[in-house]
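In: please work out how this folds:
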Amino acid sequence: MQSLYSKTRQNRWVYSAVLALAIIGLVLTLWQSEPVRTARYISNLEQACAKTNNNIFQLYPVGAQPEAVPVDFETLQAEMSQTIAKLPGVEGGFWHPQTSFFGYAYPTYVGTDIRIELPESNQALVSRAATEASNSNNVVSASKQGNEENLVVVACPIKTHQQLAGWMMVHVKLVPPGMILSLSVLFAAIALVSIWLIVSHTRYNRRWHRERDDIVESIEDEATLVPLTTEIQELQPVLILLQRARMRAKQLEQQLQRESELQDDEKRLVEIGRLAASLANEAHAPLLQLQRKSQQLLTVVARTHKPRVEQLQLFGDRVERTLDGLLLLTERREYTRGDVDLMPWLTSIARSHHDSAQRYGVAVTAMCGDDVTFQADGLQLRYAIDMLVWNAMDFAPKDTEVLVRGYAKDGSIVIEVSDDSKGIEPKHRKHLFEANYHSDKPSYGVGLAAVQTIVEAHQGTVHYDALERGARFVIEIPMTSA
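Out: Model prediction:
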């Protein structure tokens with residue numbers, strides 16, 4: 001649907017185009033009127049006559065005295081013919097008191113009869129103009145009006161001879177005066193109507209926009225009723241619909257608020273259930289490994305007592321951490337998001353793993369590229385980071401570093417947990433975040449399903465990056481809650 005602004009601008013362009021065409025038509029009509037056409041032909045003939053005079057003057061020596069009687073008729077005729085060869089319908093020649101007319105030229109003649117001299121019907125007008133030009137030593141123009149055409153004559157003195165004048169003549173076809181008048185009146189009327197439409201349209205637009213601004217200003221306060229009266233009749237239905245829409249919007253807003261409160265409670269219950277199921281499945285794998293190692297310990301306790309016991313302790317710690325996280329998250333009654341300062345938050349996570357890192361023979365380091373604040377459920381998100389750090393410590397070689405790095409990127413917070421391990425085999429990567437998937441390696445990706453559940457609850461994503469040397473998990477969540 002076309003907007004009022006676009007339609008108004010389009011109409012203004014149409015009216016302006018019609019006005020421009022009317023002005024162009026009026027100018028072209030006046031350009032073809034009898035006085036203008038005659039004056040235009042006179043000007044062209046005066047320029048051609050002056051050119052002929054200059055060309056002839058250049059044929060004679062500089063400083064030569066003007067001849068009394070012309071002798072070289074052919075040269076003069078050739079110069080005249082050459083000058084008017086590009087002027088359709090123009091006849092030319094010379095006149096002298098002693099020789100009368102001579103040197104007649106009509107190079108553009110297309111008739112069937114032979115034209116070798118000036119017609120007698122035109123000799124009187126031409127001789128009069130030539131005599132006046134030779135006597136006054138100035139260019140002289142004359143015309144004779146007819147019903148359908150005007151005869152235009154221009155004569156100019158030739159400097160190389162005494163009392164010699166060159167003349168040129170053309171028949172000017174005329175547009176009927178009645179047609180010129182009718183077209184002029186028509187185009188003038190169209191121009192006036194276009195001007196009136198432009199002015200009226202501009203006044204209407206200004207009044208419409210002024211009324212619109214007044215209405216917008218009056219309805220900015222949503223607590224007040226929309227005014228239902230206006231001078232612009234087209235806006236009356238819009239105002240009524242706006243008032244109804246505002247009342248309906250308030251009702252929907254109240255209803256949406258009630259439904260949002262119910263959805264928040266349901267969402268929290270669903271998330272707790274999913275998280276509990278994920279953590280329970282994650283606890284299954286360490287328990288199986290603990291059982292296997294216990295059986296092995298019974299058979300080789302005498303030879304490898306200390307390493308086996310230490311490994312069992314690590315498995316026990318892993319199960320304890322998983323179950324502690326489950327209990328901690330399920331005890332919370334409200335799912336709350338608060339402001340989290342990235343730098344101190346990551347630093348506290350790294351410090352909390354100090355004792356465990358010493359037992360693994362690794363170091364946990366936090367690095368923050370931006371000191372920013374974001375919104376998140378700090379407890380749940382911290383548990384997700386803890387899970388990734390514990391997995392990194394499980395597979396990181398001794399005397400290496402587990403790096404926890406955070407930074408802001410395009411309106412999101414990115415948290416990376418990387419280590420110097422051999423990484424995850426390609427066949428296991430697509431199953432990393434499946435709750436019921438367990439690899440053939442001990443504790444391979446423990447808690448990753450829970451990590452994914454927590455991150456998705458924050459409208460974020462988590463994925464694994466295979467590095468040339470090491471492994472890296474990347475969490476990305478919006479800086480503000482949705």
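In: only C-alpha atoms for contact and neighbour calcs from this point on.
Out: Fine.
In: could you give the mean pLDDT of the host helix or strand of Arg40?
Out: For Arg40, the enclosing helix or strand under DSSP states H and E is helix 34-58. Confidence for helix 34-58, expressed as mean pLDDT, is 91.
In: helices or strands up against it?
Out: helix 73-84, strand 149-157, strand 165-173 (3 or more CA pairs under 8 Å, 6 or more residues apart in numbering; DSSP states H and E).
In: got CSV for the ones you listed, with mean neighbour count and distance to Ile477 too?
Out: Below are the helices and strands packed on helix 34-58 laid out as CSV (neighbours: other CA atoms under 10 Å; distance: least, CA to CA, whole Å):
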stretch, mean neighbour count, distance to Ile477
helix 73-84, 18, 88
strand 149-157, 24, 90
strand 165-173, 25, 86
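In: so which of these is nearest Arg210?
Out: With respect to Arg210, and counting by CA to CA, the nearest of these is strand 165-173 at 56.5 Å.
In: what angle sits between the closest one and helix 34-58?
Out: Between the axis of strand 165-173 and that of helix 34-58 there is an angle of 150 degrees, by axes from the mean of the first three to the mean of the last three CA atoms, to 10 degrees.
In: name every strand pairing with strand 165-173 and say which way it goes.
Out: Partners of strand 165-173 in the sheet, by DSSP bridges, are strand 90-96 (antiparallel), strand 149-157 (antiparallel).
In: redo these as CSV? Include distance to Ala350 and mean pLDDT.
Out: Supplementary listing: the strands paired with strand 165-173 in CSV, determined by distance: least, CA to CA, whole Å; pLDDT from 0 to 100:
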stretch, distance to Ala350, mean pLDDT
strand 90-96, 105, 93
strand 149-157, 107, 93
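In: okay if I get the ones you listed as a markdown table plus distance to Cys49?
Out: Shown next, in a markdown table, are the strands paired with strand 165-173 (distance: least, CA to CA, whole Å):
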| stretch | distance to Cys49 |
| --- | --- |
| strand 90-96 | 9 |
| strand 149-157 | 6 |
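In: are we agreed that Glu117 is in a strand?
Out: No: assessed with DSSP: H, G, I helix; E, B strand; the rest coil, Glu117 is coil; it does not lie in a strand.
In: now the residue located most distally from the centre of the chain: closest residue in space that isn't a chain neighbour?
Out: Here the centre of the chain is the reference, and by CA atoms, centre = their mean the most remote residue is Gln98, at 80.4 Å. Spatially, and ignoring its direct neighbours in sequence, Gln98 is nearest to Val69 (7.5 Å; CA to CA, 6 or more residues apart in numbering).
In: same question for Gln380.
Out: In space, not counting the residues next to it along the chain, Gln380 is nearest to Ile454; the distance is 6.4 Å by CA to CA, 6+ apart.
In: so which elements touch the one helix or strand the one you found maps to?
Out: In this structure, Ile454 is located in helix 448-457 according to DSSP H and E. Contact analysis of helix 448-457 by 3+ CA pairs under 8 Å, 6+ apart lists helix 236-300, helix 378-395, strand 461-466 as its packing neighbours.
In: weakest of these by average pLDDT?
Out: Among these, helix 236-300 carries the lowest mean pLDDT, a mean of 69.
In: quick one on the thing from earlier: how far does the helix holding Ile454 sit from the chain's center?
Out: Taking the mean C-alpha point of helix 448-457 and that of its whole chain, the gap between them comes to 41 Å (CA atoms, centre = their mean, to the nearest Å).
In: same question, stretch 119-133
Out: In terms of CA atoms, centre = their mean, the gap separating the centre of stretch 119-133 from the centre of its chain is 70 Å.
In: again, but for stretch 190-200
Out: 34 Å.
In: Glu74: what's it in contact with?
Out: Glu74 makes contact with Gly103 under the criterion CA atoms under 8 Å, 6 or more residues apart in numbering.
In: number of residues surrounding Lys250?
Out: By other CA atoms under 10 Å, 12 other residues sit near Lys250.
In: kindly report the same for the one 5 residues further on.
Out: By the criterion of other CA under 10 Å, Gln255 has 11 neighbours.
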